[in-house]
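1. sequence plus predicted model, see below.
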Amino acid sequence: SILVRVCMVIVSTLVCIYYNMIIGWGIYYLFASFTDDLPWTTCREPWASDFCRDYLPVLPLANCSANNWDPDLTNGACYNETTGGPRKIRALWNESLARDNDIKRILPTEEYLRNEVLGIGKPGVGLDNLGEVHWELVLCYLLGWIFVALTLSKGVKSSGKVVYVTATFPYVVLVILLIRGLTLDGYKIGTDFYITPDFEVLKDAKVWKAAANQIFFSLSASWGGLIALASYNKFNNDVFRDALVVSFGNCLTSVFAGFVIFSYLGFLATELGLEDNISEVAEGGSTLAFVVYPFAVTKMPVSTLWAIIFFIMLITLGVDSQFVLVETVTTSFLDMFPKTRKFKAFVVMCFCFVFFLLGLTLTTDGGLDMLDLMDSYAGGWNVLIIAICECVAIGLVYGAKRFLQDIECMIGKKVCGCLPWIFFKYWWAACWVFITPAVIIFVIIFSWIDYQRVERLPNWADALGWLMTFSVILGIFITAIVMICLAKGDSFMEKLRAVTSPTPDWGPALGKHRQLCAKYVPNFIVDPEEAALKATGKAPANSYQMGNKGNSELPTYEASHKF
């Protein structure tokens, strides 16, 4: 459905703009790692604050008095005695009491990220005042786009070869990191926290929404990437097998990566004295990977080498997803305007350059706020709405029965080499028509009822965020209205029936495959030209090239008509 395609392009455009900035952060850290002494190993001037871990020791109460510091019995901190000026915190004599009063020791990696890399520690910086542009981030952001543009401009064969490396290398690094993580003190605290269920969090709508967004993004479901890349598959590719491999592989990878990250969180909890409250070790979100792992590598021998390997892995993970997002946009454009296919490299570079310009606000002091705003709204509810539209389009408009026939035409009677397709197809139909829409509607309603805005952002930012969300919904309705208005027919119902029915030329591109589909799909039109000539006396608007090799009597149809 063209409605769903438009929505997917809008979502992929919004997300790829800010997602490449995260890749840019990884590039920044990679360059910063080429040194004997990693810059975030210890607290340093000028980016470290008074609350940086090395500057804020935990001392006995008696030591505060011995250093002529003034202990505050209400918040667990020690201050220097000043005359007429603000007190300066010097140490903590009771760390748990200090945490209860929102006084915490901050890891040098977090201070380095916030103050040195992103510049968000400056007063008054945010969406209201984006502050200065960081030229280092601009260059790293540009480098990320250059890499994506050069890879995709060569076509899917080139990007496929790159993915062989970018998809496998992270597994090697994750295994090494897990082995190292299991040798650190406190790892068991983290892994136990990871595998121990807390059913109370199921009452939190944010958890359901975050889980749905994560699984949709990691699988690229309803984002358009699967459709764009699957269009390059062979006609008889076993999509059932691919669906199982990708789904289970993705979930198992997520579980495995969870053990890696929580082994290090347990170590950090031990280092910070937070064994009983591991959830306070680090804030979640897009910056988590740039706080926990960089600190962990400082505790490894040859930390520079491990830092370089880790950030290369982080970049390869990012570009894998970025390839899919950008490919969704460019492939849709090329399919919409087939004459531009011969200029694919130029089209890809133009899109990447425009996206780079649109994302320059992310390189400012307030760039993190802009990124969090886009992350909260651009790829959240609207992806779930697209998923519902896909289910409606397949299950109710096109028809689940017809869709199952199309799949059987491509994969045959058996899947995965030996399993009968009939055992599984009705389960898939139930998912498309009932189960998936019901679960998604529940998540959407639950998250709307318990909606919580991003508190640190100004109120007007919510309006901007909702505009991003509604841009997708508007894409659905505006495209639908235009298609209905342009459709043939005298009444509204005739026009609606015209835009919701497959055209005679709908189906595979090659004539031999259309012959095959006629065996599975009743009343399937093998030769639209011949059918149009019989019905109207003239050929359809889309002209087809004759002379399919091995089937000279059958036409070879345009690639855009493949299903």
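-> Sure thing, it's come through. Numbers count the residues shown, from 1 in each chain.
2. so Val521: helix, strand or coil?
-> coil (DSSP: H, G, I helix; E, B strand; the rest coil).
3. does the closest residue to it other than its chain neighbours lie in a helix or a strand, and which?
-> Spatially, and ignoring its direct neighbours in sequence, Val521 is nearest to Gln405 (4.8 Å; CB to CB, 6 or more residues apart in numbering). Just so you know, the C-beta spots here come from the backbone N, C-alpha and C atoms, and that holds for glycine as well. Under the criterion of DSSP states H and E, Gln405 resides in helix 400-411.
4. what packs against that helix?
-> On a contact count with 3 or more CB pairs under 8 Å, 6 or more residues apart in numbering; DSSP states H and E, helix 400-411 meets helix 239-272, helix 422-430, helix 511-518.
5. deepest-packed of those helices, please.
-> helix 511-518 (a mean of 19; mean count of other CB atoms under 10 Å).
6. quick one: low-confidence ranges for the stretch 51-200 of the chain?
-> Scanning the stretch 51-200 of the chain for pLDDT under 70 picks out 81-85, 121, 155-162.
7. buried set for stretch 517-531?
-> 517, 520-521, 524-529 (16 or more other CB atoms under 10 Å).
8. point out where the protein drops to low pLDDT.
-> In the chain, residues with pLDDT under 70: 1, 81-85, 121, 155-162, 282-287, 531-532, 535-563.
9. give me the most central residue, it.
-> In the chain, the C-alpha nearest the mean C-alpha coordinate belongs to Phe217, at 4.6 Å (CA atoms, centre = their mean).
10. for the stretch 151-300 of the chain, what spans make up the helices?
-> Assigned by DSSP state H, counting those that start in this stretch, the stretch 151-300 of the chain shows helices spanning 156-181, 187-195, 205-219, 225-230, 239-272, 292-297.
11. could I get those as JSON lines with distance to Phe323?
-> Output for these, formatted as JSON lines (distance: least, CB to CB, whole Å):
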{"stretch": "helix 156-181", "distance to Phe323": "5"}
{"stretch": "helix 187-195", "distance to Phe323": "30"}
{"stretch": "helix 205-219", "distance to Phe323": "14"}
{"stretch": "helix 225-230", "distance to Phe323": "8"}
{"stretch": "helix 239-272", "distance to Phe323": "15"}
{"stretch": "helix 292-297", "distance to Phe323": "23"}
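12. next, count neighbours for the residue nearest to Val521.
-> 17 (other CB atoms under 10 Å).
13. wouldn't it be in contact with Ala518 here?
-> No - look at Gln405 against Ala518 with CB atoms under 8 Å: they stay out of range, at 10.8 Å.
14. still on that earlier bit, how about CSV for the helices and strands packed on helix 400-411, with distance to Gly225 added?
-> Below are the helices and strands packed on helix 400-411 laid out as CSV (distance: least, CB to CB, whole Å):
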stretch, distance to Gly225
helix 239-272, 11
helix 422-430, 20
helix 511-518, 24
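15. tell me the gap between stretch 33-50 and the middle of its chain.
-> 30 Å (CA atoms, centre = their mean, to the nearest Å).
16. does anything pack onto the helix or strand harbouring Glu494? Which helices or strands?
-> According to DSSP H and E, Glu494 maps onto helix 492-499. Helix 492-499 sits against helix 459-486, with contacts defined as 3+ CB pairs under 8 Å, 6+ apart.
17. tilt between the helix it packs on and helix 492-499?
-> Angle of helix 459-486 versus helix 492-499, following axes from the mean of the first three to the mean of the last three CA atoms, to 10 degrees, is 100 degrees.
18. going forward, begin numbering at 7 instead of 1
-> Taking 7 as the first residue, the last one we looked at is helix 465-492.
19. buried residues in helix 465-492?
-> Here helix 465-492 shows 467-468, 471, 474-475, 477-479, 481-482, 485-486, 489 as buried, counting by 16+ other CB under 10 Å.
20. with stretch 47-65 instead?
-> Of the residues in stretch 47-65, 47, 49-50, 53-54, 57-59, 61-62, 64-65 count as buried by neighbour count, 16+ other CB under 10 Å.
21. which residues touch the closest residue to Gly231 other than its chain neighbours?
-> Excluding the flanking residues, the one nearest Gly231 by CB to CB, 6+ apart is Val330, at 3.5 Å. Val330 makes contact with 226, 229, 231, 234-235, according to CB atoms under 8 Å, 6 or more residues apart in numbering.
22. same deal with Ile23?
-> 361, 364-365, 368, 380.
23. returning to what we had before: hmm, who's touching the helix holding Gln411?
-> Here helix 406-417 has contacts from 241-246, 400-401, 427, 431, 434-435, 438-439, 519, 522-523, 525-527, 569, using CB under 8 Å, 6+ apart.
24. next, the angle from that helix to helix 428-436.
-> Relative orientation of helix 406-417 versus helix 428-436 (the same axes, to 10 degrees): 140 degrees.
25. distance from helix 406-417 to the middle of the chain?
-> Distance, centroid of helix 406-417 to centroid of chain: 30 Å (CA atoms, centre = their mean).
26. any chance of the buried residues of helix 465-492 in CSV, plus distance to Ala313?
-> Converted to CSV, the buried residues of helix 465-492 look like this (distance: CB to CB, whole Å):
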residue, distance to Ala313
Ala467, 34
Asp468, 38
Gly471, 34
Met474, 35
Thr475, 37
Ser477, 39
Val478, 38
Ile479, 43
Gly481, 42
Ile482, 45
Thr485, 47
Ala486, 51
Met489, 52
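27. Leu36 is in contact with Ile318, isn't it?
-> Yes - if you go by CB under 8 Å, Leu36 and Ile318 touch, sitting 6.5 Å apart.
28. ok and whichever strand or helix holds Met376 relative to helix 465-492, angle-wise?
-> Using DSSP H and E, Met376 sits in helix 373-383. If you take the same axes, to 10 degrees, helix 373-383 sits at 50 degrees to helix 465-492.
29. what about helix 373-383, distance to the chain center?
-> 13 Å.
30. which elements pack onto it?
-> Helix 373-383 packs on helix 8-38, helix 465-492, going by 3+ CB pairs under 8 Å, 6+ apart.
31. sec struct for the residue nearest to Gly231, please.
-> Here Val330 takes the helix state, with states given by three-state DSSP.
32. residue contacts, the closest residue in space to Ala504 that isn't next to it in sequence?
-> Beyond its immediate neighbours in the sequence, the residue positioned closest to Ala504 (CB to CB, 6+ apart) is Ala493, lying 4.3 Å away. In this structure, Ala493 makes contact with 500-502, 504-505, judged by CB under 8 Å, 6+ apart.
33. are any of those buried, and which?
-> Among the contacts of Ala493, those buried by neighbour count (16+ other CB under 10 Å) are 501, 505.
34. distance to Val21 added to the contacts of Ala493, as TSV?
-> Formatted as TSV, the contacts of Ala493 follow (distance: CB to CB, whole Å):
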residue	distance to Val21
Glu500	38
Lys501	33
Leu502	32
Ala504	33
Val505	28
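35. just the closest of the contacts of Ala493 to Thr322, please.
-> Nearest to Thr322 among those is Val505, at 42.1 Å by CB to CB.
36. ok, the closest one to Ala493 distance?
-> According to CB to CB, to the nearest Å, Val505 and Ala493 sit 5 Å apart.
37. equivalent analysis for Val10, please.
-> Counting by CB to CB - Val10 and Ala493 are separated by 18 Å.
38. please apply the same query to Asp106.
-> Asp106 is 65 Å from Ala493, by CB to CB.
39. ok, Glu51 next?
-> 68 Å.
40. go through stretch 304-312 and flag the buried ones.
-> For stretch 304-312, by 16+ other CB under 10 Å, it's 304-306, 309-310, 312.
41. hmm, I typed the wrong one, I wanted stretch 174-191.
-> By 16+ other CB under 10 Å, the buried positions in stretch 174-191 come out as 175-176, 179-180, 183-184, 186-187, 190.
42. what about Asn219, how many residues nearby?
-> Neighbours around Asn219, by other CB under 10 Å: 19.
43. skipping adjacent residues, who's closest to it in space?
-> In space, Asn219 is closest to Gly386, 5.6 Å off (CB to CB, 6+ apart).
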